[in-house]
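In: sequence and predicted structure below; questions after.
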Amino acid sequence: MDEKKKILVVEDEKNIATVLAYNIRKEGYDCDVAYDGETGLAMATEGEYDLLLLDIMLPKMTGFEICDRVRLVSQVPIIFVTAREEEKDRILGLETGADDYVTKPFSFKELMARVRANIRRSSGEVVKKRAEAAGGPIRIGELVIDRERYSVTKAGELVELSKKDYDLILFLAEHVGTAFTREELLEAVWGYDDYYGDIRTVDVTVSRIRKKIENDPARPEYLLTKRGVGYLLFDR
């Protein structure tokens, strides 16, 4: 690791926070810890971190609130690490802008695989490779995916997308008309293999993108589902 990446852990259970920080440092990262939501938000917005690990149920401010506030100023990768495993919590976490969601108890090996994948993808390696290979904007119907500006517009209007939303729509645009399984998308966009990924993450992200680019998300015209396969971007 040429340059030490820095991770912020926001976790009110001190024994869990201590174990996380210890193991993260053993992996070669710098690590800071906050034990309540307000402190975590202040550190996340004032410091320079390469990834945030957030619990959801925190004193003073929830992880959802932290994520929502951080997303106003930063696209730093965020992973929720929480005991709340209900589907609605996972969906809410991803819709507030988190990149991933890991439930307790978890395998530290799995968690670190997700940490490494998210840091790698946000560090510029993938962006740099795509920028080097990028041609002009990709036009699909009223959509324009601009690889130089990292933006998406529809009928000339900017579409507000999270980094992960953009990564997914760009990948599908670069392979327009080709359907990919959820597992293939996890590997290509999130950098996870089948073992460490969760296909529900793909479904939630697709649902979120449809709300932003489709006239009627219930009847998509661009981001389609191919029964028995997965998802594709269709050029009308």
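Out: All right, it came through fine.

In: name the nearest residue to Glu65, ignoring sequence neighbours.
Out: Excluding its sequence neighbours, the residue lying closest to Glu65 (Cβ to Cβ, 6 or more residues apart in numbering) is Gly37, at 6.6 Å. Every residue, glycine included, has its C-beta placed from N, CA and C.

In: and the gap between the residue most central in space within the chain and Leu53?
Out: Centroid-nearest residue in the chain: Asp99, 2.2 Å away (criterion: Cα atoms, centre = their mean). Between Asp99 and Leu53 the distance, using Cβ to Cβ, to the nearest Å, works out to 11 Å.

In: same question for Glu187.
Out: The value you get for Glu187 to Leu53, if Cβ to Cβ is used, is 22 Å.

In: same check on Arg219?
Out: Look at Arg219 and Leu53: by Cβ to Cβ, they are 38 Å apart.

In: these two - which one has more neighbours?
Out: It is Leu53, of Arg219 and Leu53, that has more neighbours when counted by other Cβ atoms under 10 Å, with 28 against 8.

In: what bridges to that one?
Out: Val9, Ile79 (DSSP bridges).

In: surely it meets Leu8?
Out: Yes. Assessed by Cβ atoms under 8 Å, Leu53 is found in contact with Leu8 at 7.1 Å.

In: for the residue lying closest to Met61 once chain neighbours are set aside, grab phi and psi.
Out: Spatially, and ignoring its direct neighbours in sequence, Met61 is nearest to Gly37 (2.8 Å; Cβ to Cβ, 6+ apart). Main-chain dihedrals, Gly37, degrees, to the nearest 10: phi -70, psi -40.
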